[in-house]
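Novice: Generate a structure from the sequence data that follows.
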Amino acid sequence: MENSKQPLLFSKESNTTSLSSSSVNGEKGDIEPISSAKDFFREFCAESKKQLYVAGPAIFISICQYSLNAVTQLFAGHLGTIELAAVSVELSVIGGFPYGILFGMGSALETLCGQAFGVGQLDMLGIYLQRSWIILNFMSLLMLFLYIFATPILNLIGQTSEISAVAGAFSLWMIPQPFALAMNFPLVKFLQSQSKLVPMAMIVGVTLVLHTFFSWLLMLKLEMGLVGAAIVLNLSWWFLVVAQLLYIVSGACGQAWTGFSWKAFQNLWGYFNLSLQSAVMPCLQSWYVLALVMFAGYLKNPEVSVDAMSQQQQSSPALPKREANNKSKNKAGSIQVPSQDPPTNIYGVTSMVAVGFSTAISVRVSNELGAKHPGTANFSVVVGTIYSSLFGLVMGLILMIDRDQYPDLFTDSEQVKQLVYELTPLLGLSIVIGSVQSSFSAVAIGAGWQACVAYVNLGCYYLFGIPLGLALAFTFDLGVAATIAGDRIKEWGGKIGAKENDGESTK
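Specialist: Sure, this is the predicted structure:
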């Protein structure tokens, strides 16, 4: 922090000193030692109230923001298959890459603001917010080439020329979006660190309603097509930015916002490095999932394999696959979007709930570490992990019980239904373990350990997970089951309980 006062874990030098001293001697206000079940229950209820106050609105916010793209894809599906494919490709590939980078870099603000709020240095929150705006807008400027050259980029990765052309034109209209994201993510982290999520939930709820109405009006009623889709989607994100900014400058945040300051331009390089370190962890995780789905496009029956994974993994319906009965025979791995696939999926929806719980853990950990309450921070991790684990277990059980029915919501293909049925046990296991893993990721963000966890992700996902999944899928012919199993075996161990229905029996 400024004036030689830094929040916990902000630098290597301060990490050891601050953490060790605070861990041994928590300051006044830290949790008392728990010596009985009664003490645990009392503290559990008190901590639960604080976490659920954050988690509830955070879940609603995550689902609403997730739905903005889903609504756009839904209406794009009414325009035609090519339009749906173009929107899906732009949102998941061209726009998805900057989204991941900006979201990850924004998590640095989550650490800084959370700990600064906990230690009571409210005046620094506004400075950190402005620094994050500068860095993220600079990164958005650097990534504009993705939007400008979207068509040749998509052609390069094997997309059909028709979809590449339409997606490229749509990408040009989406150029304002990364700058909106660069403004929005810091605003979210700024308000989130102060537990001001209810106003954010109200804003994003209104945004989703307006987005749905104007998407219908411009895309279908006024027949503006994808141009209308881009206009509405851009305006929706910028509406979020303006509404949240007005809330902040209205005085609702007190001393946390005292106006624009030239201090924001100080130590930009140090903040840039911290932001890059923060971006590595979520990017490695999200790109890993995309890599698994891409590899599914090279299995024996890619149409069925990718459809099944698109329903279960956290990814857009714009997925790499080979179209089985195409006269022109697209390249293996080219992106095709079946018209019956919805723009949502099971893992994606459940992950939005997990994001809510992880947000609560991150806020509580960063606030309590900033206040030098290591005992309370540790206990908040326990409580948050319990809630995340229970959610994962309940969702896993629901899927297992309903595994005969829920595939009907996503597809009419009997092959896909059968494969989803066989993969459901692995999906349930992934949801359970993923819920716990998201809690640990939240701890890393709250404590400022993003760089350390990035190395763990690199080793687990790319040095172990992907090679194991490829070996099981291709060498041992276990197909999609292997790629999903590899997703979790890499870190936790597990047992492969399903084999790919490669479609040969139906030929």
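Novice: so Ser195 sits right up against Ala55, yeah?
Specialist: No: Ser195 is beyond contact range of Ala55, at 10.7 Å (criterion: C-beta atoms under 8 Å). In short, each C-beta sits where N, CA and C put it, glycine included.
Novice: What segments of the stretch 151-300 of the chain are helices?
Specialist: 161-173, 176-193, 197-215, 225-247, 268-296 (DSSP state H, counting those that start in this stretch).
Novice: returning to what we had before: ok, Ser195 and Ala55, which is more surrounded?
Specialist: Ala55 (26 against 18; other C-beta atoms under 10 Å).
Novice: Does the more buried one belong to a helix, a strand or coil?
Specialist: Three-state assignment for Ala55 (DSSP: H, G, I helix; E, B strand; the rest coil): helix.
Novice: wait, what's in contact with it?
Specialist: By C-beta atoms under 8 Å, 6 or more residues apart in numbering, Ala55 lies in contact with 356-357, 359-360, 387.
Novice: and these, which of them are in strands?
Specialist: Counting by DSSP state E, no part of the contacts of Ala55 is found in strands.
Novice: Mind checking which of the residues you listed are buried?
Specialist: Among these, those scoring as buried are 356-357, 359-360, 387 (criterion: 16 or more other C-beta atoms under 10 Å).
Novice: Closest to Met105 out of these?
Specialist: Thr359 (17.0 Å; C-beta to C-beta).
Novice: May I ask you to confirm that that closest one is in contact with Val54?
Specialist: Yes: in this structure Thr359 lies within contact range of Val54 using C-beta under 8 Å: 6.2 Å.
Novice: pLDDT weak spots in the protein?
Specialist: Residue ranges of the chain with pLDDT under 70: 1-28, 285-286, 288-348, 409-413, 416, 473-507.
Novice: what separates stretch 212-220 from the chain centre, distance-wise?
Specialist: Computed by C-alpha atoms, centre = their mean, to the nearest Å, the separation of stretch 212-220 from the middle of its chain amounts to 26 Å.
Novice: Kindly check the end-to-end length of that stretch for me.
Specialist: This stretch, stretch 212-220, spans 12 Å end to end (C-alpha to C-alpha, to the nearest Å).
Novice: buried residues in that stretch?
Specialist: Of the residues in stretch 212-220, those buried (16+ other C-beta under 10 Å) are 212, 214-216, 218-219.
Novice: Let me know the closest of these to Val89.
Specialist: When these are compared against Val89 (criterion: C-beta to C-beta), the nearest one is Met219, at 17.3 Å.
Novice: from what I can see the closest one touches Gly228, true?
Specialist: Yes: using C-beta under 8 Å, Met219 is in contact with Gly228, at 4.5 Å.
Novice: Just the CA trace of stretch 448-461, in PDB.
Specialist: What follows is stretch 448-461, C-alpha atoms only, in PDB (Å, rounded to 0.1, in the frame of the first residue of the first chain):
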ATOM      1  CA  GLY A 448      -2.900 -12.800  -2.600                       C
ATOM      2  CA  TRP A 449      -1.500 -16.200  -3.600                       C
ATOM      3  CA  GLN A 450      -2.600 -16.100  -7.200                       C
ATOM      4  CA  ALA A 451       1.000 -16.500  -8.600                       C
ATOM      5  CA  CYS A 452       1.700 -19.500  -6.400                       C
ATOM      6  CA  VAL A 453      -1.500 -21.200  -7.300                       C
ATOM      7  CA  ALA A 454      -0.900 -20.500 -11.000                       C
ATOM      8  CA  TYR A 455       2.100 -22.800 -10.900                       C
ATOM      9  CA  VAL A 456      -0.100 -25.500  -9.300                       C
ATOM     10  CA  ASN A 457      -2.700 -25.100 -12.100                       C
ATOM     11  CA  LEU A 458       0.000 -25.200 -14.700                       C
ATOM     12  CA  GLY A 459       1.400 -28.500 -13.400                       C
ATOM     13  CA  CYS A 460      -2.000 -30.200 -12.600                       C
ATOM     14  CA  TYR A 461      -3.900 -29.100 -15.800                       C
END
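Novice: hmm, back to that, got the helices of the stretch 151-300 of the chain as a markdown table, with distance to Leu144 columns?
Specialist: Listed next are the helices of the stretch 151-300 of the chain as a markdown table, based on distance: least, C-beta to C-beta, whole Å:
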| stretch | distance to Leu144 |
| --- | --- |
| helix 161-173 | 10 |
| helix 176-193 | 7 |
| helix 197-215 | 24 |
| helix 225-247 | 14 |
| helix 268-296 | 18 |
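Novice: wait, which of those is closest to Phe260?
Specialist: Proximity to Phe260 (C-beta to C-beta) singles out helix 225-247 among the helices of the stretch 151-300 of the chain, at 11.5 Å.
Novice: residues of the closest one that come out buried?
Specialist: Buried residues in helix 225-247, counted by 16+ other C-beta under 10 Å: 225-226, 228-241, 243-244, 247.
Novice: Okay, angle between it and helix 197-215 too, please.
Specialist: Calculated by axes from the mean of the first three to the mean of the last three C-alpha atoms, to 10 degrees, helix 225-247 forms an angle of 160 degrees with helix 197-215.
Novice: Only alpha carbons, please: show helix 225-247 as PDB.
Specialist: The C-alpha coordinates for helix 225-247 follow below in PDB (Å, rounded to 0.1, in the frame of the first residue of the first chain):
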ATOM      1  CA  GLY A 225     -30.100  -9.000 -37.000                       C
ATOM      2  CA  LEU A 226     -26.600  -9.300 -35.600                       C
ATOM      3  CA  VAL A 227     -26.000  -5.500 -35.800                       C
ATOM      4  CA  GLY A 228     -28.900  -5.200 -33.300                       C
ATOM      5  CA  ALA A 229     -27.400  -7.900 -31.200                       C
ATOM      6  CA  ALA A 230     -24.100  -6.200 -30.900                       C
ATOM      7  CA  ILE A 231     -25.700  -2.800 -30.200                       C
ATOM      8  CA  VAL A 232     -27.800  -4.200 -27.400                       C
ATOM      9  CA  LEU A 233     -25.000  -6.300 -25.900                       C
ATOM     10  CA  ASN A 234     -22.600  -3.400 -25.900                       C
ATOM     11  CA  LEU A 235     -25.200  -1.000 -24.400                       C
ATOM     12  CA  SER A 236     -26.000  -3.500 -21.700                       C
ATOM     13  CA  TRP A 237     -22.500  -3.800 -20.500                       C
ATOM     14  CA  TRP A 238     -22.000   0.000 -20.600                       C
ATOM     15  CA  PHE A 239     -25.300   0.400 -18.700                       C
ATOM     16  CA  LEU A 240     -23.800  -1.700 -16.000                       C
ATOM     17  CA  VAL A 241     -20.700   0.400 -15.900                       C
ATOM     18  CA  VAL A 242     -22.500   3.800 -15.800                       C
ATOM     19  CA  ALA A 243     -25.100   2.600 -13.200                       C
ATOM     20  CA  GLN A 244     -22.400   1.300 -10.800                       C
ATOM     21  CA  LEU A 245     -20.300   4.300 -11.300                       C
ATOM     22  CA  LEU A 246     -23.200   6.600 -10.500                       C
ATOM     23  CA  TYR A 247     -23.900   4.600  -7.300                       C
END
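Novice: I'd like to know which elements it is packed against.
Specialist: Judged by 3 or more C-beta pairs under 8 Å, 6 or more residues apart in numbering; DSSP states H and E, the packing partners of helix 225-247 are helix 37-79, helix 81-89, helix 161-173, helix 176-193, helix 197-215.
Novice: Of all those, which one is nearest Ala451?
Specialist: Closest approach to Ala451 among the helices and strands packed on helix 225-247 is made by helix 176-193 (17.7 Å; C-beta to C-beta).
Novice: so what does that closest one touch, helix or strand wise?
Specialist: helix 37-79, helix 96-119, helix 123-142, helix 197-215, helix 225-247, helix 346-370.
Novice: Serialize the ones you listed to TSV and add fields for distance to Ser164.
Specialist: Formatted as TSV, the helices and strands packed on helix 176-193 follow (distance: least, C-beta to C-beta, whole Å):
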stretch	distance to Ser164
helix 37-79	16
helix 96-119	16
helix 123-142	23
helix 197-215	24
helix 225-247	14
helix 346-370	25
